[in-house]
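Student: Following is a predicted model, sequence given first.
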Amino acid sequence: MTQIMRMSALYAPTLKEVPNDADIVSHQLLLRAGMMRKSATGLYSFLPLGWRVIKKIENIVRQEMDAIDAQEIMMPELQPSELWHESGRWDDYGPELMRMEDRHGHGLCLGPTHEELITDLVRNELKSYKQLPLTLYQIQSKFRDEIRPRFGLMRSREFIMKDAYSFHASQESLQQTYDDMSDAYARICERLGLDFRPVQADSGQIGGSVTCEYHALADAGEAELASCTCGWAANSEVAACLPHPTEYAETELKKIETPGVHTIAELAAFLNCPESSTVKAMVGKDAEGNPIALFVPGDHELNELKAERVIDGFALMSDEELEAAGLPKGSIGCVGLPAGVRIVADSSLQGIAHWVVGANEDGFHYVGAEQGRDFTVDVWADLCTVREGDTCPECGKPVSMCRGIEVGQVFQLGTKYSQNMGATYLDENGKEQPFIMGCYGVGVSRCMAAIVEQHSDEYGIAWPASVAPAHVCVLPLVVGDDVVQPVAERVARELAELGVEVVLDDRKERPGVKFAEADLMGWPLQIVVGKRGVANQELELKVRSTGEKSTISFDEYAEALA
Ligand code: ATP
Ligand code: MG
Ligand code: MG
Ligand code: MG
């Protein structure tokens, strides 16, 4: 018997109005349906119904991990900076890492991911090749000081992730676990009711080379995906560098003034970038062959800049690369440059869709110059984009573009962490070898948003049964009378006895309010108990996802239960 949830006692405050700062459907509906509340920017509290959904998603993930012999553990959220110094990521990770000190002055961070901690956890006790392979995982809050937290659970600063890590003595063994994980990820997406696509991806901050992202397809997704009918699919960071058949429109060079902009910090201020962002650059040649630099405000995670359309050949450079190219570190404008391109920003000065090209004069820049016509690029980094109609690298057919929500990613890490952190095992010959590692993440709370993006309509959420906060909502249209209420109570009890999760709307509300809220909260099945129905010995059923209504007699209902 499951516990019947009574709406009269349930803490699920609903909202009639769409909250101001919620601009995508999942964010709006999760707030409106009383599933969660914002506590601060990028920080959310889950209310009883929302938390039930999270636990269901977690359990599906847990079952699929257990099924491939991954073992659940729990590591601390707070991590010592020493381990991050060992891996080299204390310096590399950038401002997304939430850093702090304890009262003794020891550096700490709130874990955005746990490669360091887990490598340290096993390095002194996982000793022999005979103990390998080993996969450990946890489901836990992660912290990332996102440059722009937004869209509710989609990009928050604290979020729930399942993170798994595997340790191997050979590449073949890593490949086996990676394949098992990939299959498990596909099953997780299916069980969550997600229309998804695995795509080739870039390994970003984590390191490693072989990696695949799992995207829930949705227009609200932040990622741009390219795919081809031949099965090839990649996110736009990777799809990159495909031949672009599209010609650039001729644009007029327009002079704009950027007075007082001489340093990276001044440029960031001029471009109205958040303080935490950094400005990077790439280097090329202008039409006369003079060295030039393009600069972009932003963070390590370029997709957060939400580039509408990045120009061909646009790329990023680190300070070191700038230095290697003989350009003064931390300088912009004409400083150290004889002539040429200088600043990149988009028209709203928030991203990189449009860009500004510098004139030969200090403090003056042009808008709308064109690569090839006005300059060429020498130094390439890994950022480019792809668009509709570009050529598929596998089969040569034109690719099509769509948007996705990254709900998970699997990586083959290799020995980056084990080598940096001295995590070794003894092989068959008694020789020390660094572990070959893999890591695998699922954004549990982001999945909840992705599910709502795909399973909702103008009336509200339509949860897939696998993750719904309850399966059935019993709706007595009158409460407190001795005809309808006893029937509703009986139906709720009988279903609960069968293990069905039932919510009983026992509030003294108008039927219209009850119907609207049931549709908003998204119970997969509604059972309506009204006066006339009871007189006719009938119950009314409504399937939320299809809107399909039917009537069944008490007898048919009893048969169905049996
Ligand atoms: P993104 O590209 O969206 O920034 P990521 O590639 O940085 O995500 P990973 O390091 O691969 O994220 O983390 C594993 C999973 O954690 C992601 O696939 C995603 O589902 C989830 N995730 C990452 N960042 C966030 C966030 N800020 N809010 C909610 N979920 C997140
Ligand atoms: Mg990220
Ligand atoms: Mg990503
Ligand atoms: Mg990722």
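Tutor: Cool, got the structure. Residues are numbered from 1 along each chain as shown. Ligands and ions are numbered 1, 2, ... in the order given.
Student: Point out the residues in this structure that sit beside ligand 1.
Tutor: Neighbours of ligand 1 within the chain, by C-beta under 6 Å from any ligand atom: 113, 144, 146, 155-156, 159, 161, 204, 301, 303, 406-409, 441, 443, 445-446. Just so you know, the C-beta spots here come from the backbone N, C-alpha and C atoms, and that holds for glycine as well.
Student: Contact partners for Trp90?
Tutor: Ser81, Trp84, Leu97, Gly107, Cys109 (C-beta atoms under 8 Å, 6 or more residues apart in numbering).
Student: How about the fourth one: what's its closest non-neighbour residue?
Tutor: What that stands for is Gly107. Ser81 (3.0 Å; C-beta to C-beta, 6 or more residues apart in numbering).
Student: Go ahead and confirm that neighbour touches Asp102.
Tutor: No: Ser81 is beyond contact range of Asp102, at 10.3 Å (criterion: C-beta atoms under 8 Å).
Student: joint contacts of those two?
Tutor: Leu108.
Student: out of those two, which sits in the busier spot?
Tutor: The neighbour count for Ser81 versus Asp102, taken as other C-beta atoms under 10 Å, is higher for Ser81 (17 against 10).
Student: how close does that one sit to ligand 1?
Tutor: Between Ser81 and ligand 1 the computed distance is 19 Å (C-beta to the nearest ligand atom, to the nearest Å).
Student: any idea how far that residue lies from Leu121?
Tutor: 17 Å (C-beta to C-beta, to the nearest Å).
Student: got it, and His215?
Tutor: For His215, the distance to Leu121 - C-beta to C-beta - is 31 Å.
Student: Between those two, which has more neighbouring residues?
Tutor: His215 (28 against 17).
Student: Show me which of the contacts of Trp90 is closest to Gln176.
Tutor: Gln176 lies nearest to Trp84 out of the contacts of Trp90, by C-beta to C-beta, at 29.7 Å.
Student: ok, which stretches of the stretch 51-200 of the chain are strands?
Tutor: All strands of the stretch 51-200 of the chain, identified by DSSP state E, counting those that start in this stretch, fall at 71-72, 78-80, 98-101, 107-110, 134-143, 158-168, 196-200.
Student: Most proximal residue of the stretch 301-450 of the chain with respect to ligand 1?
Tutor: At 2.1 Å from ligand 1, Gly443 is the closest residue in the stretch 301-450 of the chain, using C-beta to the nearest ligand atom.
Student: Who does that residue form a beta bridge with?
Tutor: Using DSSP bridges, the bridge partners assigned to Gly443 are Met161.
Student: all numbers from here: first residue = 51
Tutor: All set: I'll call the first residue 51, so the last point we hit is now Gly493.
Student: chain center to the helix or strand encompassing Tyr490, what's the gap?
Tutor: Element membership for Tyr490, per DSSP states H and E: strand 486-493. Put simply, strand 486-493 sits 15 Å off its chain's centre (C-alpha atoms, centre = their mean, to the nearest Å).
Student: Which helix or strand lies directly C-terminal to that strand?
Tutor: helix 494-504.
Student: what residue is smack in the middle of this structure?
Tutor: The residue lying closest to the centre of the chain (C-alpha atoms, centre = their mean) is Glu456, at 4.4 Å.
Student: and it, what does it touch?
Tutor: Glu263, Tyr264, His265, Gly271, Glu272, Ala273, Asn285, Gly493, Arg496.
Student: Closest one to Arg200 out of those residues, please.
Tutor: Glu272 (8.9 Å).
Student: Three-state assignment for Glu274, please.
Tutor: Under the three-state scheme (DSSP: H, G, I helix; E, B strand; the rest coil), Glu274 adopts strand.
Student: Leu545 too?
Tutor: Leu545 - assigned by three-state DSSP - is helix.
Student: what sits against it?
Tutor: Leu545 touches Val522, Val524, Val552, Leu611, counting by C-beta under 8 Å, 6+ apart.
Student: try 10 Å this time
Tutor: Contacts of Leu545 were listed using C-beta atoms under 10 Å, 6 or more residues apart in numbering, and they are 51-52, 54, 520-522, 524, 551-552, 554, 575, 577, 607, 611.
Student: hmm, which of these are the buried ones?
Tutor: Buried subset of those (neighbour count, 16 or more other C-beta atoms under 10 Å): Ile54, Ala520, His521, Val522, Val524, Glu551, Val552, Leu554, Leu575, Ile577, Tyr607.
Student: Who does the fifth one form a beta bridge with?
Tutor: Yep, that's Val524 we're talking about. Val524 forms beta bridges with Leu554, Ile577, as assigned by DSSP bridges.
Student: My guess is it contacts Val541. True?
Tutor: Yes: with contacts counted by C-beta atoms under 10 Å, Val524 reaches Val541, the gap being 5.4 Å.
Student: who touches both of the two?
Tutor: With C-beta under 10 Å, 6+ apart, Val524 and Val541 have common neighbours Val552, Leu554, Ile577, Val579, Leu589.
Student: Kindly present those residues as JSON lines, with separate columns for distance to Ser600 and pLDDT.
Tutor: Formatted as JSON lines, the shared contacts of Val524 and Val541 follow (distance: C-beta to C-beta, whole Å; pLDDT from 0 to 100):
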{"residue": "Val552", "distance to Ser600": "19", "pLDDT": "98"}
{"residue": "Leu554", "distance to Ser600": "20", "pLDDT": "98"}
{"residue": "Ile577", "distance to Ser600": "11", "pLDDT": "97"}
{"residue": "Val579", "distance to Ser600": "14", "pLDDT": "97"}
{"residue": "Leu589", "distance to Ser600": "9", "pLDDT": "96"}
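Student: Out of the residues you listed, which is nearest to ligand 1?
Tutor: Val552 (31.1 Å).
Student: can you tell me the average pLDDT over stretch 131-138?
Tutor: The average pLDDT for stretch 131-138 rounds to 96.
Student: tell me the contacts of the closest residue to Phe604 other than its chain neighbours?
Tutor: What sits nearest to Phe604 in space, not counting adjacent residues and going by C-beta to C-beta, 6+ apart, is Gln587, at 4.5 Å. By C-beta under 10 Å, 6+ apart, the residues touching Gln587 are Val537, Ile602, Ser603, Phe604, Asp605, Glu606, Tyr607.
Student: From those, list just the buried residues.
Tutor: Looks like these have Val537, Ile602, Phe604, Tyr607 buried, using 16+ other C-beta under 10 Å.
Student: what two of those are the furthest from one another?
Tutor: Within the buried ones among the contacts of Gln587, Val537 and Ile602 form the most distant pair, 13.0 Å apart (C-beta to C-beta).
Student: for the stretch 101-250 of the chain, what spans make up the helices?
Tutor: With helices called from DSSP state H, counting those that start in this stretch, the stretch 101-250 of the chain shows them at 131-137, 139-142, 165-173, 221-241.
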